[in-house]
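Trainee: need a 3D model of the following:
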Amino acid sequence: RRDGYDVKASAVRFTAEALQAGKLLVMANATEALTGEEIAAVAKWVADAGAMLLIADHPPFEAAAAELGKAFGVRFREGVAWPKASDNARIVFRRSDGTLADHPVTKDIDEVATFTGTSFQLDAPGHPLLVFGPGVYSVKEKADPSPVEIKGQLQGAVLPFKQGRLAVFGEAAMCSAQLSGPDRRPMGMNAAVARQNARFLLNVIHWLTGI
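Mentor: Got it, this is the predicted structure:
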């Protein structure tokens, strides 16, 4: 809002008519999957020069976005992204080690922090932004006896979709500013490790809206 955007919540199902009310559609941690009709309407709206920011966190949130993701060539993984060697759930993507990719969205950004979440892969042309390095695993639970390494999979990407644009992230806390739990622990943009997250997210919005 401080950057000049008019942010409005939608209280109706997505239809071609309803989507005309905005220029950028944000869907973050939906708990209910869209219907087939809604997915078709959203995909057509983006294809016709619309823009969408799609955020789907670890289970159960990735399931609600799975079919919509497929419509854009995005395949979410069921599981929690966890750095196996640490009890600290924070994952930092850095330009210095190649896990933060070069793109106009990452201009002047050195690192971006996320807080578990999930991973995804692209089945369509796109540009990775946040790429998991070694030592990060997809787990069903923290003590999962069979973790799967997800090195090379993504937690953030942007991609064209016909005449439109899409940005996808597999973690939501990175886009929030939280004081978590009874001890009000800084999370998201409030965490010291996430000092550049706010600038990064604003870059994403600017790229999506062509500013």
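Trainee: let me know the pLDDT of residue 141.
Mentor: Per-residue pLDDT puts residue 141 at 70.
Trainee: sorry, slip of the keys, the one I care about is residue 146.
Mentor: pLDDT recorded at residue 146 is 84.
Trainee: quick one: it is in a helix?
Mentor: No. Going by DSSP: H, G, I helix; E, B strand; the rest coil, the assignment for residue 146 is coil, not a helix.
Trainee: tell me how many other residues crowd it.
Mentor: For residue 146, the neighbour count with other C-beta atoms under 10 Å is 7. For the C-beta atoms, the positions are set from N, CA and C on the backbone; glycine is no exception.
Trainee: likewise the one 4 residues further on?
Mentor: Around residue 150 sit 24 other residues, with neighbours defined as other C-beta under 10 Å.
Trainee: for residue 112, same thing?
Mentor: The local packing of residue 112 (other C-beta under 10 Å) involves 29 other residues.
Trainee: how about it, secondary structure?
Mentor: Residue 112 is classified as strand under three-state DSSP.
Trainee: quick one: it and residue 128, what's the gap?
Mentor: For residue 112, the distance to residue 128 equals 13 Å [C-beta to C-beta, to the nearest Å].
Trainee: any weak-confidence spans in this structure?
Mentor: Counting by pLDDT under 70, the chain contains low-confidence ranges at 85-88, 142-143.
Trainee: residue closest to the middle of the protein?
Mentor: residue 169 (1.3 Å; C-alpha atoms, centre = their mean).
Trainee: I'd say it and residue 176 touch.
Mentor: No. Shown here, residue 169 and residue 176 do not form a contact pair, counting by C-beta atoms under 8 Å, at 11.6 Å.
Trainee: can I assume residue 94 is in contact with residue 106?
Mentor: No. The pair residue 94 / residue 106 is not scored as a contact, 10.8 Å apart, by C-beta under 8 Å.
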